[in-house]
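K.L.:
I would like the atomic coordinates for the input below:
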Amino acid sequence: MAPACAQAAAQQPVGHVLHTEVNVQTVDVRVTDKHGDDVHGLTPNDFTIRESGKRQEIAFFDAGAAPVTVAVLVDSSASVSQSSKAGSAAQVAAEFMRIARPGDRIYAMDFTERTGPFERLTAEQLRNPGGVTVPAARGSGSAVYDAIATAICRLRHSKNPRQAIIVITDGIDEHSRLSLSQLVDAIRSQRAQLFLIGLHSKSQFRFQGHIDPTIALVTGHDIDNPDYVFYRLAEEAGAATFVLNTESGLQKALKAVSDTLNAEYTLAYYPPRSSWKVRKIEVKVKRHGMRVLASRTIASNQDTDEIVRYSPGTCNVSPAAYPYAYEARISGKPQHEIYRDDFSDPHSGWPNHPESHYVAGGYELSTAEHASKEAVAPAPGLLPSASMGGVFAPASPNSASHASSYRQNVIAAYGPPWADFRVFANVKAEYEPPLQWNAYPKFSPPVRAAAGLVFRINQNGYYALLVSPAAEDQRMLAFELVARAFVGDSYAEWVILPWTTVAHDSPLDAQLSVQAVGDQITLFIDGRQVGTARDDRFDSGYSGFIVSAPTHAKFSDLLLERESVQR
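P.N.:
Coordinates of the predicted model:
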């Protein structure tokens, strides 16, 4: 944490301090006694600062009297539990406004995978917090890292040199262009202090109890474990963290943030030139029994804009500088974009695990349980999910012995999350052991060995076109269209089109295609339309592949065409 020196700002224009004297390094310090109470009345002579072991001369000092610019960021993504939602960004900012001091500037921003407007609350709103309104961000996923980086950029020109960013989130980040390490560097390089207020995720996301740095979504992609996110931001970026356990927890956390800002001392010095990317700072108080809370590491003196690249003229993290892997494979005009992947490049963004991985000439999924054990060992039981929704359900211990070697379903999905599209892919499936139609009834829900396409997969569920050799004649092909909504540890299923048999030369070697426009879904096998239906449960999301026990299948030549629809 490195806010600019408050006393210097009081003596000369803020722009002079922040832009001319770019080598001034500031540190926020909180001092408590052995009882944990804040210690007030200290002077510069009570402190010593060392950078990388070398003592530095204190050039500026402030005892918490300077006003603060505060940005309140609220995560409104679908992963956040309804019972722990903090309210809108406007409501949370209004709560903080009640304890803000005269001269403080309060901003608020809602975010999902997108960021809403960064709104400053007016003096009139400070006097009447009930009238505060901040537009919501559209979307359902979450990009926590990008939202914090946007706030850092927005605060660069604040008139108050003391700054704070309050982020209220469950820590689940599926969509940020920035990595966690890049965000840590950005926070170290800037002035605002970071305060994290932790919300609980929905129960079906099952993040609690996982200790690995990453955890897997139902789509097969890994994201940072939310507990690990909070840990790294606290340990490496100096963030103060709070976890809400009660309805009154938010008010207590906001009061703790306010108390921290009011009790802090701001110290500043001119650091020596250093080629090190990260430098260690140590602050001590020359009084016995005092505890010092301060940032321990900072980035080398750089403008944050050099560490995080933003789109020209905005504070949005640059898609050109930090592209999603699939974006390089999109072509065509905006009205008719096309996404292709032949899976010849193992770095094109799809999950790469033993159960879902690149192979020569395509991409393979397998339900074989032994494949999972060869991967980074998942926690026992269920693999969690986030905005893609749902969970992988492992084989039930009550299943038949041959079924216990397989997972119920394995899904992999990636690419642009379009609403209206047509998707094509070739599939070639095999079964081990030889196909037995009624061998797996004890999965919950029961499954039939199959492979196929998933589409519009999002935080609520997905559609699946499933195909399988016909039970009565394996020279025939059967297909089914289902909708599945994630419910706790499993899913609820609706059969939209029941198993239907069509003539086919091969047991399961076909081109599958789905056209989804609005609530109209049309199915194709080898270019021939085989079914159509209407369903409006899921309106947008990712496309990909699915296999159901006991199956492994190879998919190739994926093509996703965006449909331009007037609504």
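K.L.:
What are the buried residues along stretch 475-493?
P.N.:
477-484, 486, 490-491, 493 (16 or more other C-beta atoms under 10 Å). In short, each C-beta sits where N, CA and C put it, glycine included.
K.L.:
and which of those is nearest A471?
P.N.:
A478 (7.4 Å; C-beta to C-beta).
K.L.:
After the helix or strand that contains the closest one, which helix or strand is next?
P.N.:
Using DSSP states H and E, A478 sits within strand 476-487. Counting by DSSP H and E, the next helix or strand C-terminal to strand 476-487 is strand 490-503.
K.L.:
how much does that next one deviate in direction from strand 476-487?
P.N.:
Going by axes from the mean of the first three to the mean of the last three C-alpha atoms, to 10 degrees, strand 490-503 is angled at 170 degrees with respect to strand 476-487.
K.L.:
Mind giving me the packing neighbours of strand 490-503?
P.N.:
With contacts taken as 3 or more C-beta pairs under 8 Å, 6 or more residues apart in numbering; DSSP states H and E, strand 490-503 sits against strand 461-469, strand 476-487, strand 520-525, strand 528-534.
K.L.:
For my notes, confirm A149 occurs in a helix.
P.N.:
Yes. According to DSSP: H, G, I helix; E, B strand; the rest coil, A149 belongs to a helix.
K.L.:
A256: what secondary structure?
P.N.:
helix.
K.L.:
Now do the end-to-end distance for stretch 483-498.
P.N.:
Stretch 483-498 has an end-to-end distance of 11 Å (C-alpha to C-alpha, to the nearest Å).
K.L.:
for the record, mean pLDDT for that stretch?
P.N.:
Stretch 483-498 shows a mean pLDDT of 89.
K.L.:
what's the answer for stretch 160-171, then?
P.N.:
Averaging pLDDT along stretch 160-171 yields 88.
K.L.:
got it, and stretch 520-527?
P.N.:
97.
K.L.:
And for stretch 201-217?
P.N.:
According to the model, stretch 201-217 has a mean pLDDT of 68.
K.L.:
and A65, what pLDDT?
P.N.:
pLDDT, A65: 73.
K.L.:
Please give the centre-to-centre distance between the strand or helix carrying L559 and its chain.
P.N.:
Taking DSSP H and E as the criterion, L559 maps to strand 551-562. Computed by C-alpha atoms, centre = their mean, to the nearest Å, the chain-centroid distance of strand 551-562 equals 26 Å.
K.L.:
Could you give me the buried positions within stretch 357-371?
P.N.:
For stretch 357-371, burial by neighbour count (16+ other C-beta under 10 Å) applies to 357-358, 362-369, 371.
K.L.:
And these, which two are furthest apart?
P.N.:
Farthest apart among those by C-beta to C-beta are G362 and E369. That separation is 22.4 Å.
K.L.:
What's the separation between the residue most central in space within the chain and A325?
P.N.:
With distances taken as C-alpha atoms, centre = their mean, the chain has D173 as the residue nearest its mean C-alpha position (1.1 Å). Separation of D173 from A325 (C-beta to C-beta, to the nearest Å) stands at 17 Å.
K.L.:
What are the structural domain limits within this protein?
P.N.:
6-64+265-294, 68-263, 325-562 (automatic domain parsing).
K.L.:
pLDDT weak spots in the stretch 251-400 of the chain?
P.N.:
Scanning the stretch 251-400 of the chain for pLDDT under 70 picks out 274-278, 295-305, 370-400.
K.L.:
try it again with 90
P.N.:
Applying pLDDT under 90 to the stretch 251-400 of the chain flags residues 251-252, 255-256, 258-282, 286-289, 291-307, 333-336, 367-400.
K.L.:
Then the stretch 451-567 of the chain?
P.N.:
458-460, 469-476, 486-491, 503-509, 549-551, 563-567.
K.L.:
that older thread, make TSV from the buried residues of stretch 475-493 and add distance to R291 to it.
P.N.:
Output for the buried residues of stretch 475-493, formatted as TSV (distance: C-beta to C-beta, whole Å):
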residue	distance to R291
L477	71
A478	69
F479	67
E480	64
L481	63
V482	59
A483	56
R484	53
F486	46
S490	49
Y491	50
E493	56
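K.L.:
from those residues, which is closest to I148?
P.N.:
For the buried residues of stretch 475-493, the closest approach to I148 (C-beta to C-beta) belongs to F486, at 28.0 Å.
K.L.:
isn't that closest one right up against E493?
P.N.:
No. Contact criterion C-beta atoms under 8 Å: F486 and E493 do not qualify, at 10.9 Å.
K.L.:
end-to-end on stretch 86-100?
P.N.:
19 Å.
K.L.:
Could I get the buried residue list for that stretch?
P.N.:
Within stretch 86-100, the residues that count as buried by 16+ other C-beta under 10 Å are 86, 88-97, 100.
K.L.:
who's in contact with the helix or strand encompassing V292?
P.N.:
Taking DSSP H and E as the criterion, V292 maps to strand 291-294. Applying C-beta atoms under 8 Å, 6 or more residues apart in numbering, the contact partners of strand 291-294 are 1, 27-34, 238, 281, 283-285.
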